[in-house]
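> I would like to see how this sequence folds:
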Amino acid sequence: MKMDLEVSDPIDFSAGDHQHLIRKAADDNVQTKSKKSSESAPSAEPQQTHEKPHSKTTQRADAYVIEISEETMPTDSTTGPFSESSIRSAFIVKVFLILSAQLMVTGAIISIFLFSNGLKNWVLKNAWFTYAIFPTFFVALVVLACCGNLRRQVPANYILLGLFTILQGLLLGAISVFFKAEEVLWATAATALLTLLLTLFALQTKWDFTLLNGVLFVLLFVLIIYGVILLFIPSYWLHVLYAGLGTVLFSMYLVMDVQLMMGGRHHYSDLNPEEYVFAALNIYLDIINLFLFILQLTGLGR
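A predicted model of the protein is given here:
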């Protein structure tokens, strides 16, 4: 569809300011056609015109021919995948149910490692067990994070998520044997309380943490490099600083991922309703990393 529009002021096409110009042009075209039809009717006396034909050079400099297709028209935000509140509510309930099951399985596996003296001693004597779990856990994480079609297919997504949760529980259980039982329990209680407070904060605050996605990603890489450097620097206070920074970073990640799941007024909330496994995985990893850094703080404080 092509129209001749005279534009005198800047127009924001993304805001739909051009629509009134289109309607105005359409009305002008109708009036022009009706005027021409009335002038073309036979008259009793011939009329002579003394007007000079308009040249192209006398046209307005701000007259443009604009082509607008239906694909470039602004769409209504209410027609998204979460246009109905019931879809969003069902998505949130499903994410929290999956997350609760993951945390229960993980806690049960850690308890077995923590309170079984025979298993605890076996893990301490066989360090290969921890090193063997880590690559398998990493492969399962990459598959869940990168294979979008696979994590949306039932029951493949539940099988992969269950396998990943078990591997994560085994890895955390192998790590927990190096700490005292009371330290692990204190870290678990602190993580649970902090997770609850941060979730309530994410639901109530007007601050949009989803805008910090890129900044947090850069800080995560800085934290990883910092952790690699600490492998060669046995400094107590540098390790305390590392654990504190990790706690703060993953606290912010938890708030951001909760806001992504809740959607609403937040800028980046374009999760697909079929991405409930991905949403649960993100929040689960935030809680697990938060637990690990708090556990490191409790271990350093003894």
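
> what ranges do the helices span in the stretch 201-302 of the chain?
According to DSSP state H, counting those that start in this stretch, the stretch 201-302 of the chain carries its helices in the segments 213-230, 236-262, 276-300.

> so of the ones you listed, which one's packed in deepest?
helix 276-300 (a mean of 21; mean count of other CB atoms under 10 Å). C-beta: built from backbone N, CA, C; applies to glycine.

> and that helix with helix 236-262, angle?
Orientation of helix 276-300 against helix 236-262 (axes from the mean of the first three to the mean of the last three CA atoms, to 10 degrees) gives an angle of 160 degrees.

> looking just at contacts, which helices and strands does helix 276-300 meet?
With contacts taken as 3 or more CB pairs under 8 Å, 6 or more residues apart in numbering; DSSP states H and E, helix 276-300 sits against helix 85-115, helix 128-146, helix 148-151, helix 156-176, helix 181-204, helix 236-262.

> which sections of this structure are below the confidence cut-off?
Low-confidence segments of the chain, defined by pLDDT under 70: 1-84, 264-271, 301-302.

> Dump the helices of the stretch 201-302 of the chain into JSON lines; add distance to Leu171 as well.
Compiled in JSON lines, the helices of the stretch 201-302 of the chain are given as follows (distance: least, CB to CB, whole Å):
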{"stretch": "helix 213-230", "distance to Leu171": "16"}
{"stretch": "helix 236-262", "distance to Leu171": "17"}
{"stretch": "helix 276-300", "distance to Leu171": "9"}
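
> Show me how this protein divides into domains.
Per the record, the chain has its domains at 1-34+60-72, 86-300, by automatic domain parsing.

> Quickly compare the ones you listed and say which is most buried.
By mean count of other CB under 10 Å, the domains of the chain have domain 86-300 as the most buried, with a mean of 16.

> ends of that domain, how far apart?
With CA to CA, to the nearest Å as the measure, the ends of domain 86-300 fall 46 Å from one another.

> How about stretch 230-237?
End-to-end distance of stretch 230-237: 11 Å, with CA to CA as the criterion.

> I would like the residues contacting it, please.
Stretch 230-237 has contacts (CB atoms under 8 Å, 6 or more residues apart in numbering) with Leu238, His239, Tyr242, Leu300.

> 10 Å - rerun?
Residues outside stretch 230-237 that contact it (CB atoms under 10 Å, 6 or more residues apart in numbering): Leu238, His239, Leu241, Tyr242, Leu300.
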